[in-house]
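In: Structure of the sequence below:
(2 chains)
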Number of protein chains: 2
Amino acid sequence: MKHVFFFGDGRAEGNAQMADELGGKGANIAEMTNLGIPVPPGFTISAELCLDYLKEGKLPDPVRAEVNEAMARLEEVVGRKFGDENDPLLVSVRSGAKRSMPGMMDTVLNIGLNDRSVAGLAARSGNPRFAYDSYRRFIQMYGEVVEGIGGKGGADNPFEAAIEAMKQKAGVERDIDLTPDDLQSLAQSFKEICRKETGQAFPDDPWDQVLSAVEAVFKSWNTKRAVEYRRINRIPNDMGTAVNVMAMVYGNMGEDCGTGVVFTRNPSSGENRLYGEFLLNAQGEDVVAGIRDPEPIEQMKDHLPEAYQQLLDTCHLLEQHYQEMQDVEFTVQRGTLYMLQTRTGKRTARAAVRVAVEMANEGLIDRRTAVSRVQAEQLDQLLHPAVDPAAEVEALTVGLPASPGAAVGKVVFDAEDAVRRGSEGEAVILVRRETVADDFPGMVAAQAILTSRGGMTSHAAVVARGMGKCCVAGAKEIEVDESQARFSVNGTVVKENDWITLDGSTGRVMLGKVPLVEPELTDDFRTLMSWADEIRLLRVRTNADTPKDAARAREFGAEGIGLCRTEHMFFEGNRINSMREMILAGTEAGRRSALDKLLPMQRDDFEGIFRAMDGYPVTIRLLDPPLHEFLPHESAELDVLARQLDVPRAKLDRIIENLTEANPMLGHRGCRLGITYPEITEMQSRAIFEAACKVAAAGVEVHPEVMVPLVGEVEELRSQEKVVRETAEQVFAEKKRRVEYLVGTMIELPRAAVTADEIAEVAEFFSFGTNDLTQTVFGLSRDDSGRFLPQYVEKGILKINPFQTLDQGGVGKLVDMAVKLGRQTNERLKIGICGEHGGDADSVMFFHRIGLNYVSCSPFRVPIARLAAAQATMQD
Amino acid sequence: MKHVFFFGDGRAEGNAQMADELGGKGANIAEMTNLGIPVPPGFTISAELCLDYLKEGKLPDPVRAEVNEAMARLEEVVGRKFGDENDPLLVSVRSGAKRSMPGMMDTVLNIGLNDRSVAGLAARSGNPRFAYDSYRRFIQMYGEVVEGIGGKGGADNPFEAAIEAMKQKAGVERDIDLTPDDLQSLAQSFKEICRKETGQAFPDDPWDQVLSAVEAVFKSWNTKRAVEYRRINRIPNDMGTAVNVMAMVYGNMGEDCGTGVVFTRNPSSGENRLYGEFLLNAQGEDVVAGIRDPEPIEQMKDHLPEAYQQLLDTCHLLEQHYQEMQDVEFTVQRGTLYMLQTRTGKRTARAAVRVAVEMANEGLIDRRTAVSRVQAEQLDQLLHPAVDPAAEVEALTVGLPASPGAAVGKVVFDAEDAVRRGSEGEAVILVRRETVADDFPGMVAAQAILTSRGGMTSHAAVVARGMGKCCVAGAKEIEVDESQARFSVNGTVVKENDWITLDGSTGRVMLGKVPLVEPELTDDFRTLMSWADEIRLLRVRTNADTPKDAARAREFGAEGIGLCRTEHMFFEGNRINSMREMILAGTEAGRRSALDKLLPMQRDDFEGIFRAMDGYPVTIRLLDPPLHEFLPHESAELDVLARQLDVPRAKLDRIIENLTEANPMLGHRGCRLGITYPEITEMQSRAIFEAACKVAAAGVEVHPEVMVPLVGEVEELRSQEKVVRETAEQVFAEKKRRVEYLVGTMIELPRAAVTADEIAEVAEFFSFGTNDLTQTVFGLSRDDSGRFLPQYVEKGILKINPFQTLDQGGVGKLVDMAVKLGRQTNERLKIGICGEHGGDADSVMFFHRIGLNYVSCSPFRVPIARLAAAQATMQD
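Out: The predicted model follows:
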């Protein structure tokens, strides 16, 4: 079996398809070589050897022979000998796994130098400064990387200390002011450091140097950091890394030399123009070290016009060949361009969209490929305001990036203040320990929400995402003192009316007003989305509770509403009073009288939503949260309520005490309410059908789908379905008009999933409530999980946060089972999903695979779902 | 097809196997006839006709013809004509479904009488009183039952009003004092009542009478009450009821007549001796009406010695034939015995055991049959003290029968009081709104527990059942005022130190000291259990947390411990202080120092348990409840704690606030604690293995099984397993001794069930925690479900309370799936169940069917599980 793959002289033994053996870097070097692109010659040692080496602790003899042979070939191509004291062949050794990985050994340059050959290099190059500088750099790099001395430049690094000492002695301030003699003496000090630290002389033999460097690369596969990285990123441990040995070329031999890094297109904007940096007479290291500022790549044209043209041509060739934007490294040595590396360039969402669309328009790729080129999750960046990337900011603290976007506003601690001041046009940010249902109007009125407790799927987070409003949740370092109207973070106190800025995409909380940049939906974006729509099979709906949200979601391409939560409607204005009257009534007659007041308001809401969704289905979920969520908690508010309702305070307390639940998530909510109080279901159904009849009379095409929440047993659904259908018939008779409608259910309890065959006997549609389903399948409260779930993901016990991306191995298994069971009973059953996962790209792929009809997500995630759905279709 | 089945003259067309067609009553009448037992002749109309009739609204002509034919045969056998004015054949019509059912029509007697034939009967019998009394009874019964007039004896009943008027007019007080003329006149009033109520003349034609009565029986199949009963008891609706038409015989024609009901053995004690009641010169009705007190059956010997001997012989024959204790009705007419009905006799648990064992010893049945004859659930009655059945009691209120048994004690409201006074030998009953974990010592010290909140699986209920201690939970009418040390029920106030009596088997709460009877484990009981043990395949373990419970459970036949909860151990004495110190420590070092104090105590506990379970496996569950359960809640207690730990009260409040959870059931508990604080797992493992090594050194055979709770993902288990195994190895090295042990997990989350194949890669055993699994599968908090779950069962939305009997359609499906997946990975995986369902007979049957190795339940339910396991084996 072959383990060493040569490249050089226009021919390579490998190619781009061999990334498994050669790693990403080696495979692309081989590919470039075969394309006739100038690449310094060298060879790649296969990744397969890595594991053998780690097991055996040494390189097998046949491999050593292969390396010898390759080195001989390299000497022949280059025309220099490795270890030649007069004109030495020098090489670099770099790691190169299939996927790049932090924690692995990176690079050792200038291998092959020793006290003798450095003199030869000095003579031959006519540049002793260059030679001794290269030598001292080599020893430091080798010492650090191969021998593990002093880390990578910390304060305790003995090499850095020696440089400082030398500069003091020489009376200079900059490295570059050291003389060749200084550098030579420094090299000797460095060798002494290595001897002291390792107890062994620094290896003078170039063969020792190169083989030790190769082994060091292999060993670095198993460093703690690399292992940890692979575990978390689910990279197999048995892949190993390849090693690239390449003849050195120098960008620092004079004014006809240089080095640079370029993207074939602008990675930030996507513009089709070379983008990057160049440094004349320098090695790549100098850029990293920050000794000199690099110049924009265009200026290379003035310094090295031929090499520049060659670079342009090469980049063009690479793009044509790879049909992708490339990120390349190059060196110009005495006027000659050498490409050191090429890979797919990382880019912003905006650039990704533009590059994909333009490449398709250029004919470089087809539209399907263009659609596959943009990561769906990335689109999130495009749809929200963001902190100006140019602004210098310091985070006061970092919470969870609960709902993306950024916002600036004055701190308020009370939802009512937020409503009052927000409606007067003031920019306020609502800060709460955690939000509860009756904070909703305040959340609507605020620019953004900040909470010190709760997780990614806490009330604040879910509601904010639904509105596309910036939210930082669970910022644990914050101590909120609502009574004093202030919060503090590690000693910094922020008072009411202080300005703060939130970045919901990163979780940052910043003091003061930080400049923001507004989102912009480009034509390229619209084009790409239209291509995605042509491809996808999965329908995309939105979760929207107001006509405004519904309208916005249509702009984003939503094809209906998958979840309209009716409970938020009960918080607005005076409605909450009627709602509370209903809850506290104690008799059916009392409840009915309060419900009668709510009916017209709820009907108006539905009318607006039906109009906004003209022609599309609207799924309305009946009342879901436990009733105590609608009641106040503060003593003063309770006093007010007692007066309003003319109920003794003690009685009110007793009622509330009776409504209190140990585990409200698992309590008296969902259809359990409708079963205890059928009159609530009746009122809501009436509101739905009266609104539907009214808008239908006005020519609106209306498709209501009434959804019964929290069903675990088909009889629950049957009992609620009866109320809904009877009410529908009554309304139709009264209005002398029928509208088509469906009655279905949320599948959000494990029992619903495993008895889906029975439930499908009654339900005309299923909609998976994957938030609650995740909670019950894991036995994990999303409100409480913040304390340990992050640790779980960190420790790799869970690969993902299951509230963000659907847990396919557990929750997904039940979802899949429910789909199969449901369709077994009714093969035309309409099935969707309305949990937060409906807007998560990985989850959308899964939902496509198991055959759902639609996903539904918050308006701002509709484009993500559309793109993910298209990509899922293509993956089939 | 045949629809009418004749019986009489020693031959019947049906038999006991034909209950589907003839109903239970008809089938047994046919069987008795064939056995040569004297039964009045007659015929049974098949249940199959019932549904036809209900669909068509009339009896098909061919059936009428069959009835005619059967009636003609009946006339021939009896020697009288139906409708004959001089010597009429009279018949009774009775319903008889396969299973008896309240709400269905029962009986109409004396059909065939009218104004003319009653005169014939009077003349022929020479007893006008008898004839007219029969007539007026017939009209009333027919009016009520067939024509639906006035219900069954309410105050508005017009027949009763007419009787009252007649008695007033006649100036007598008792029915029996009315003259034949009075009765004749009453009959006419009754006919008038029927005419008025129905608008039609009372039917004089005997054929109209009998056919209408038959139709009324059929119609009664669909009364609301019958339909409701079937729905709740899961009796199919398409079964229908049969109708029995039988020639009348009379026990009220003179002193050589009589009627009675007997059991072939004593249904209360099981003694093998006729048991029942007899009334001379009476119809069965008179017994029901309470006009005369019946005599014990023995006295029949004096009045009607021949008939009595005949009855003894018949009962013996019936028992021999049915091989079961019978419950029979008979009438003696002019010295001749007629059997009207026989069926399997209902009996107490005690009688069931004795009858089964004695019948087996008599050779009437085999041992397997004996084991199948006792309902496992019934055994519960035998294992606890009970309220003396002879005592006259009035319940103050009725709560949930949370843990069976009965107890008398003085009311206390505080767990510490209960501990203090209980340990001084005082009988106290702990009354709480609901109990929390730190009430545990008080619950131990009290005779019984009463709570006003919580359901059948609330903390109080679960803990009480575990201890076999009487508990009434969720007595909603009770308002507990702990601050005033009293509770009130609808105005009645019960103060501290008042005596009360609880009946945990019925939920009754009684004022004062009600006499109790003690349980008694008879030799018959032991014999039956030993027979069950020979049959069963499923092992039965117990849930026990203390050496005392463990020892008791062994007496009841437990074969190991399936669940030893370690958290209760942390409440005793001063332990709670160390536990709180641990929780509040804030650093690992602080936690370790507190854990060091807990280690020796926990080790001692395990030692005691291992000794008590010498030779048997002991499954120990690592710490499970959320930490906040160990902290006090009252402000005064918090002050004390703050002083004890020398922590500022404000800081303590903050820590507690941080530990507070929205849904503790789904929060930071189970293995999630062990993952955050591995040192807890380490301490517990050390205590287990140190104890195991110590008792092993003393010659005890010890099999610890360490159980990791609340696993939802195999990596959780893997991380905890590592800690357990590493600690085990350390202890073994220190003690220079190894013990065999297993590491396994609870399967109590849906995700664990659906990923059981992965979990079985690590777990050496599974134990289903069906309490929590039921909660998560249903999304139903057992603490909160009390408010609506009873309504669910009442309305038939759920057939059973899933916390009592495993929900096979939902939870059971996941359990079954987990068993299959687990065994797929490891076919020798040991699987048990330690939820409350382990002691529920129906659930045990299910666990046997799906192939579990063992069930584990509270000590007092071990015998139930043993018997149910045997019955399950036989059903295979």
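
In: residue ranges of the helices in the stretch 451-600 of chain A, please?
Out: Along the stretch 451-600 of chain A, counting by DSSP state H, counting those that start in this stretch, helices occupy A:459-467, A:523-535, A:547-555, A:575-584, A:588-612.

In: Please identify the most buried of those helices.
Out: For those, the largest average neighbour count (mean count of other C-beta atoms under 10 Å in any protein chain shown) is found in helix A:459-467, namely a mean of 26. Just so you know, the C-beta spots here come from the backbone N, C-alpha and C atoms, and that holds for glycine as well.

In: got a list of contacts for that helix?
Out: Residues outside helix A:459-467 that contact it (C-beta atoms under 8 Å, 6 or more residues apart in numbering or on different chains) are A:400, A:402-403, A:432, A:434-437, A:439-440, A:443-444, A:448-449, A:451, A:454-455, A:470-471, A:473, A:504, A:543-545, A:549, A:568, A:771, A:783, A:836, A:858-861.

In: just to revisit the earlier point, of the helices of the stretch 451-600 of chain A, which shows the lowest average pLDDT?
Out: Mean pLDDT is lowest for helix A:459-467 among the helices of the stretch 451-600 of chain A, at a mean of 79.

In: Report the angle between that one and helix A:547-555.
Out: With axes from the mean of the first three to the mean of the last three C-alpha atoms, to 10 degrees applied, the angle from helix A:459-467 to helix A:547-555 works out at 60 degrees.

In: isn't A:T348 right up against A:Q381?
Out: Yes - counting by C-beta atoms under 8 Å, A:T348 touches A:Q381, with 6.8 Å between them.

In: Flag the shaky bits of chain A, pLDDT-wise.
Out: Applying pLDDT under 70 to chain A picks out residues A:103, A:151-155, A:232, A:284-292, A:457.

In: now A:R11, which residues is it bridged with?
Out: Residues in a beta bridge with A:R11, per DSSP bridges, are A:G8.

In: is it true that it touches A:T33?
Out: Yes - counting by C-beta under 8 Å, A:T33 is a contact partner of A:R11 at 6.7 Å.

In: More neighbours: those two, which one.
Out: A:T33 (25 against 13; other C-beta atoms under 10 Å in any protein chain shown).

In: Show the backbone phi and psi for A:E192.
Out: Per-residue torsions, A:E192: phi -60, psi -40 (degrees, to the nearest 10).

In: Let me know the distance separating it from B:P678.
Out: From A:E192 over to B:P678 the distance is 45 Å, taken as C-beta to C-beta, to the nearest Å.

In: The two: which has the busier surroundings?
Out: B:P678 (17 against 14).

In: Contact partners for the closest residue to the more buried one other than its chain neighbours?
Out: Excluding its sequence neighbours, the residue lying closest to B:P678 (C-beta to C-beta, 6 or more residues apart in numbering or on different chains) is B:V723, at 5.2 Å. For B:V723, the contact set (C-beta under 8 Å, 6+ apart) comprises B:G674, B:P678, B:T681, B:E682, B:S685.

In: and if you look at A:H837?
Out: Residues in contact with A:H837, defined by C-beta under 8 Å, 6+ apart, are A:T770, A:N771, A:Q804, A:T805, A:L806, A:S843, A:V844, A:F847.

In: Beta-bridge partners for A:V706, please?
Out: Here A:V706, judged by DSSP bridges, has bridge partners A:I620, A:V743.

In: That one: how many residues sit nearby?
Out: A count of nearby residues for A:V706, using other C-beta under 10 Å, gives 27.

In: ok, it - contacts?
Out: A:T619, A:I620, A:L622, A:S685, A:I688, A:V724, A:Y741, A:L742, A:V743, A:G744.
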